[in-house]
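Novice: here's my sequence, what's the structure:
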Amino acid sequence: MADMSGKTVLVTGAGSGIGRAIADRFAQDGATVVCADINPETAEAAAGELLAGGFKALAVEVDISNEESVAHMVETVVDITGRIDTVAANAGVMVEGDILSLSLDDWNRALTINATGAFLTARATMPHLLNSGAGALVFTASTVALSGMRGVAAYSAAKGAIAALTRQIAADFADKGVRANAVAPGAVRTPLSESQFRARARDDAHFDELLGGVIARYPMQRWGESPEIAEVVHFLGTARSAWMTGQILPIDGGLLELR
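Specialist: Residues are numbered from 1 along each chain as shown. Presented below is the predicted three-dimensional model:
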């Protein structure tokens, strides 16, 4: 546990999956957690669940690819809580296809939502992270930012940009009291990932086969779970990692090192 009483943690993509687990984890330490999501219903549901459990939370709708929407999110958070201490820039989207099958629209969508969204979130929140005196910015990258994988050219490029942006922000702001790190998850079983496999599957048996094919690539022979990613984001977003910045931490069941 880390004492986050009186602090504000902003989590984008908090409506489901990894983002929701991140919000839950920070709430346990007494922080006011901002559940930001493009879907206002899921943002409200996430914040409502925390409030019902006696935690401090609020919901904000945001489109991280839209500069005005991001600015409005930050303004709303600061108006209500007065500060932003930690940002978990988690929101993103998967876009599949190699360079021959991707359209320009597909490419732009992957880069705009993932990479530009991370940039806009970081830029808008940075003044408040600087004001906090010990701000922490944690991006959600991916193992594909560190090693190629078939069929995800645009997504890989976008997550690679996030990894590079993480290191650059760390270099630019380390002496100003703001740390920037990233997690690089492998395959995590979330409602979104399941829906993507379900869309490809011919039937239930084929769905199970597709999921099994993913697990077979991992030395630990299982999917990652959202709370496992959230635990590392929490570590990077609190004083427990006070002498770490510019790091990209794989959370991947051994995929990159042992395959």
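
Novice: quick one: mean pLDDT for the lengthiest helix in the chain?
Specialist: For the chain, the helix with the greatest residue count under DSSP state H is helix 153-173. In this model, helix 153-173 has an average pLDDT of 98.

Novice: now do stretch 243-259: everything it contacts.
Specialist: Outside stretch 243-259, the residues within contact range by C-beta atoms under 8 Å, 6 or more residues apart in numbering are 141, 143, 145-147, 163, 166-167, 170-171, 174, 179-186, 217-222, 224, 228-229, 232, 236. (C-beta placed from N, C-alpha, C; glycine too.)

Novice: mind giving me the packing neighbours of the longest helix of the chain?
Specialist: helix 104-110, helix 117-132, strand 135-140, strand 178-185, strand 248-251 (3 or more C-beta pairs under 8 Å, 6 or more residues apart in numbering; DSSP states H and E).

Novice: could I get the ones you listed as CSV with mean neighbour count, mean pLDDT and distance to G92?
Specialist: Output for the helices and strands packed on helix 153-173, formatted as CSV (neighbours: other C-beta atoms under 10 Å; pLDDT from 0 to 100; distance: least, C-beta to C-beta, whole Å):
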stretch, mean neighbour count, mean pLDDT, distance to G92
helix 104-110, 16, 98, 9
helix 117-132, 21, 98, 7
strand 135-140, 26, 98, 6
strand 178-185, 26, 98, 11
strand 248-251, 19, 97, 15
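
Novice: I'd like those laid out as CSV, including distance to A91.
Specialist: Output for the helices and strands packed on helix 153-173, formatted as CSV (distance: least, C-beta to C-beta, whole Å):
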stretch, distance to A91
helix 104-110, 13
helix 117-132, 6
strand 135-140, 8
strand 178-185, 14
strand 248-251, 18
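
Novice: who wins for proximity to A59 among the ones you listed?
Specialist: Closest to A59 of the helices and strands packed on helix 153-173, according to C-beta to C-beta: helix 117-132, at 16.6 Å.

Novice: tilt between the closest one and strand 178-185?
Specialist: 140 degrees (axes from the mean of the first three to the mean of the last three C-alpha atoms, to 10 degrees).

Novice: could you give the angle of helix 117-132 to strand 135-140?
Specialist: When the same axes, to 10 degrees is applied, the directions of helix 117-132 and strand 135-140 differ by 160 degrees.

Novice: by contact count, what packs against helix 117-132?
Specialist: Counting by 3+ C-beta pairs under 8 Å, 6+ apart, helix 117-132 packs on strand 8-12, helix 67-81, strand 86-89, strand 135-140, helix 153-173, strand 178-185.

Novice: out of these, nearest to F197?
Specialist: helix 153-173 (15.3 Å).

Novice: contact partners for the residue nearest to the spatial centre of the chain?
Specialist: For the chain, N90 is the residue whose C-alpha lies nearest the centre (C-alpha atoms, centre = their mean; 1.7 Å). When contacts are counted by C-beta under 8 Å, 6+ apart, N90 is found next to V11, T12, G13, A14, I18, G19, I22, F139, T140, V233.

Novice: list the buried residues for the one helix or strand E228 maps to?
Specialist: Here E228, judged by DSSP states H and E, is contained in helix 226-236. Neighbour counts over helix 226-236 (16 or more other C-beta atoms under 10 Å) mark S226, I229, A230, V232, V233, H234, F235, L236 as buried.

Novice: angle of that helix against strand 178-185?
Specialist: Helix 226-236 and strand 178-185 are oriented at 160 degrees to each other (the same axes, to 10 degrees).

Novice: what helices or strands is helix 226-236 leaning on?
Specialist: helix 17-27, strand 135-140, strand 178-185, strand 248-251.

Novice: just how off-centre is it within its chain?
Specialist: Mean-position distance between helix 226-236 and its chain equals 10 Å (C-alpha atoms, centre = their mean, to the nearest Å).
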